[in-house]
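[1] curious how this folds, go ahead:
(2 chains)
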Number of protein chains: 2
Amino acid sequence: MSNDAEAVIGIDLGGTNTEVGLVDREGKIIAKKNIATQNYDLFSGWVEAVAKVIRELGKAQPIKAIGIGAPNGNYFHGTIERAPNLPWLGVLPLADMLSERLKLPAVLTNDANAAAIGEMYFGKARGLRNFMVVTIGTGLGSGIVVNGELLYGHTGFAGEMGHTTLRPGGRQCTCGRVGCLEAYVSARGLIANAAELMATQEWDSPFKTEADLSPPVKICEAAKQGDALSIEAFRVTGEYLGEHIADVAAILSPEAVFLFGGLTKAGKFILEPTRAALQKYLLNVLEESIRVEISALRETNAGIVGASALAWNEFKS
Amino acid sequence: MSNDAEAVIGIDLGGTNTEVGLVDREGKIIAKKNIATQNYDLFSGWVEAVAKVIRELGKAQPIKAIGIGAPNGNYFHGTIERAPNLPWLGVLPLADMLSERLKLPAVLTNDANAAAIGEMYFGKARGLRNFMVVTIGTGLGSGIVVNGELLYGHTGFAGEMGHTTLRPGGRQCTCGRVGCLEAYVSARGLIANAAELMATQEWDSPFKTEADLSPPVKICEAAKQGDALSIEAFRVTGEYLGEHIADVAAILSPEAVFLFGGLTKAGKFILEPTRAALQKYLLNVLEESIRVEISALRETNAGIVGASALAWNEFKS
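    This is a model prediction of the structure:
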């Protein structure tokens, strides 16, 4: 059996769904299956269901290793630690549990880190040694690559750009702090930005009250239809993001920043103000050194593909 | 000749003085000499003077390599790029120039990075793989070590914590931006903080006007004498610093932060409020993971010792 025929498992664990895919060396998904995360009150029950799916997928092709992207995933320990959006409490030793059941090596990290390594293997970051991926969905996560390696820091919890301060004394964040970037740049942040715009001036818009703004995909669609309020809401959101990327860039000096996740469906409406604000706020020695682009990974499969890239990266030989 | 007898040259280039030292593997300075930087209108003249000093020092012990810490030093290119506090303009290829003249390998980085690598080799960061050194003097610099390596980023200019935003729309910074940490935490920042305190309430203090506050070493001495205004000025300064370290820590998750430079002479008056603010603002997953200490390197020699550590690190074999 040649190495070319080998594949890895990529697991994208989300609060609603778990996606499990068999992925080849080129990032192509050979087969995939879904499990409804919320149907499992017991973590061990969910682990059994995942193991069963992996055994089925393994009939198509020999499995080399397992990669897992999970919220609050700790790479050092292979654990999920106190993830607020999952049905199970405490510290969950997922990598070890799957590894023991399936007699396969397993590696785990958080979803933003998996997105970054997916971008490095199969997206626009191929060959880059210093870059970051910013995932903007319900929350804001970041996966940072320094010298060609994911940045984990001392604890394994490095890269929490979403919980650095954009506005001291500003909006309440779900993390308990105030003024975090995530409170301004995320699905929730976008709605708050649009609501602030509504409160400060009259708009000829289909949105009349804050309640109209959920789910935020409606703001994205309205922006594309030319709704001035929605376009302005994305402009403000992108400006906050670009302003803050300038700060993080002064620490990290990345070559590129890739935006990923639900809010990036707005395309130029978020990308252009982000780029403009980055140039405005960037330290002069860094000028022209950083490009900002939308991720090349398709959102539907990026979780699986990112998790598989983690496995390919960890178990290279 | 055994390796034990070998030594390296450490050069600490400052706007006023250049210090050149011969340093052994344990960070001990065998001999050192000073050159008045400002006496040389021509960069080439200063380079000749440095080369002459190195040849003299080399009579005592064979020299293995040269390490240089310099303002706006670019490690990738071995250059000094547009340093505002030096008498010479433009981009100066110092590492190559010394290397050619002396037929010795030479490596160059900025002074904060040299301080970080000095701390790693000869200070409190021995054995640590993720930490940062914050140098607080005229400005605020930072040297960051990630996975045991200095963080240079794509451009070589990573680690500019002093020029990340503490207060959006806040004080003017010398870099052209506003609200930078350096405008609040530095010699200049300390004076501004004290002046703000003077403006907002009456103090029974030897300082009556802003002009009384220079040089800031007077504020440090007054704090140690129990002057309430000076103690409060350091408390505010430390609080700004701890608040901002919390943000940078959410990106990097360091194990330790070492404070270095003139303002740290205030000891507990800056250290304790920094620690308290860090705990207050730190993201919950990082709680208790980061210690803040004053650097172990003595300021008088740290520049030379840090530059020598750079050389030992680069030319290990």
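[2] for the rest of this, base every contact and every neighbour count on C-alpha atoms.
    OK.
[3] tell me where chain A has strands.
    Assigned by DSSP state E, the strands in chain A fall at A:7-13, A:17-23, A:29-36, A:63-69, A:73-74, A:79-81, A:91-92, A:106-109, A:131-136, A:140-146, A:149-150, A:256-260, A:291-294.
[4] parallel or antiparallel, which strands does the fifth one pair with?
    Taking DSSP bridges as the criterion, strand A:73-74 sits next to strand A:79-81 (antiparallel) in its sheet.
[5] repeat that for the longest one.
    If you go by DSSP bridges, strand A:29-36 pairs up with strand A:17-23 (antiparallel).
[6] list the buried residues in the partner strand.
    Buried positions in strand A:17-23, judged by neighbour count with 16 or more other C-alpha atoms under 10 Å in any protein chain shown: A:T18, A:E19, A:V20, A:G21, A:L22, A:V23.
[7] over to stretch A:157-173?
    Quick answer for stretch A:157-173 (16+ other C-alpha under 10 Å): A:157-167, A:171, A:173.
[8] roughly how far does A:L89 sit from A:E81?
    8 Å (C-alpha to C-alpha, to the nearest Å).
[9] can you check which helix is longest in chain A?
    Identified as the longest helix of chain A according to DSSP state H is helix A:228-252.
[10] for that one, name the packing helices and strands.
    helix A:187-200, helix A:217-224, helix A:268-281 (3 or more C-alpha pairs under 8 Å, 6 or more residues apart in numbering or on different chains; DSSP states H and E).
[11] before we move on, back to that, would you format the strands of chain A as TSV with mean pLDDT included?
    TSV is the format used below for the strands of chain A (pLDDT from 0 to 100):
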stretch	mean pLDDT
strand A:7-13	96
strand A:17-23	96
strand A:29-36	95
strand A:63-69	97
strand A:73-74	93
strand A:79-81	94
strand A:91-92	95
strand A:106-109	97
strand A:131-136	96
strand A:140-146	96
strand A:149-150	94
strand A:256-260	97
strand A:291-294	97
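[12] hang on, the earlier thing: out of the helices and strands packed on helix A:228-252, which one sits most buried?
    Burial of the helices and strands packed on helix A:228-252 is given as mean neighbour count (mean count of other C-alpha atoms under 10 Å in any protein chain shown); helix A:268-281 ranks first at a mean of 21.
[13] name the residues of the stretch 151-300 of chain A found near chain B, please.
    A:151-161, A:163-168, A:175, A:177, A:246-255, A:281, A:283-286, A:289 (C-alpha under 8 Å from any C-alpha of the partner chain).
[14] those residues in helices, which ones?
    Using DSSP H, these in helices are A:A246, A:D247, A:V248, A:A249, A:A250, A:I251, A:L252, A:Y281.
[15] TSV for the residues you listed, including pLDDT?
    Shown next, in TSV, are these (pLDDT from 0 to 100):
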residue	pLDDT
A:A246	98
A:D247	97
A:V248	98
A:A249	97
A:A250	97
A:I251	97
A:L252	98
A:Y281	97
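[16] shaky segments in the stretch 51-200 of chain A?
    Applying pLDDT under 70 to the stretch 51-200 of chain A picks out no residues at all.
[17] switch the cut-off to 90
    A:60, A:71-72, A:82-85, A:89, A:137-138, A:174-175 (pLDDT under 90).
[18] give the burial count for the closest residue to chain B within the stretch 1-150 of chain A, as a bare number.
    Nearest to chain B in the stretch 1-150 of chain A, going by C-alpha to the nearest C-alpha, is A:N130, at a distance of 5.8 Å. Neighbourhood size, A:N130 [other C-alpha atoms under 10 Å in any protein chain shown]: 23.
[19] report the contact partners of A:K64.
    The contact partners of A:K64, by C-alpha atoms under 8 Å, 6 or more residues apart in numbering or on different chains, come to A:E6, A:A7, A:V8, A:I9, A:L104, A:P105.
[20] against A:A5, how distant is it?
    For A:K64, the distance to A:A5 equals 10 Å [C-alpha to C-alpha].
[21] what's the answer for A:S142, then?
    33 Å.
[22] I'd like the strands of chain A as JSON lines, with distance to B:E48 appended.
    Shown next, in JSON lines, are the strands of chain A (distance: least, C-alpha to C-alpha, whole Å):
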{"stretch": "strand A:7-13", "distance to B:E48": "60"}
{"stretch": "strand A:17-23", "distance to B:E48": "61"}
{"stretch": "strand A:29-36", "distance to B:E48": "63"}
{"stretch": "strand A:63-69", "distance to B:E48": "57"}
{"stretch": "strand A:73-74", "distance to B:E48": "53"}
{"stretch": "strand A:79-81", "distance to B:E48": "58"}
{"stretch": "strand A:91-92", "distance to B:E48": "62"}
{"stretch": "strand A:106-109", "distance to B:E48": "53"}
{"stretch": "strand A:131-136", "distance to B:E48": "40"}
{"stretch": "strand A:140-146", "distance to B:E48": "37"}
{"stretch": "strand A:149-150", "distance to B:E48": "41"}
{"stretch": "strand A:256-260", "distance to B:E48": "40"}
{"stretch": "strand A:291-294", "distance to B:E48": "41"}
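[23] end to end, how far does stretch A:206-214 reach?
    13 Å.
[24] and that stretch, how far from the chain's centre?
    When C-alpha coordinates are averaged (C-alpha atoms, centre = their mean, to the nearest Å), stretch A:206-214 and its chain have centres 27 Å apart.
[25] so which bits of it are buried?
    For stretch A:206-214, by 16+ other C-alpha under 10 Å, it's A:F207, A:L213.
[26] other residues contacting that stretch?
    In contact with stretch A:206-214 (C-alpha under 8 Å, 6+ apart) are residues A:I191, A:A194, A:A195, A:M198, A:I219, A:D227.
[27] avg pLDDT for that stretch?
    Mean pLDDT, stretch A:206-214: 94.
[28] dump the residue contacts of A:A194.
    A:A194 makes contact with A:E210, A:L213, A:L229, A:S230, A:E232, A:A233, according to C-alpha under 8 Å, 6+ apart.
[29] in contact with A:A277, which residues?
    Residues in contact with A:A277 (C-alpha under 8 Å, 6+ apart) are A:G238, A:E239, A:Y240, A:L241, A:G242, A:E243.
[30] spatially nearest residue to it, not counting backbone neighbours?
    A:G242 (4.7 Å; C-alpha to C-alpha, 6 or more residues apart in numbering or on different chains).
[31] and for A:A36?
    Here the residue nearest A:A36, using C-alpha to C-alpha, 6+ apart, is A:N17, at 4.7 Å.
[32] and A:Y40, by the same measure?
    Counting by C-alpha to C-alpha, 6+ apart, the residue nearest A:Y40 is A:W46, at 5.5 Å.
[33] burial of that neighbour, as a residue count?
    By the measure other C-alpha under 10 Å, the count of residues near A:W46 is 18.
[34] and it, what's its pLDDT?
    pLDDT at A:W46 comes out at 97.
[35] I'm done for today, thanks for sticking with me.
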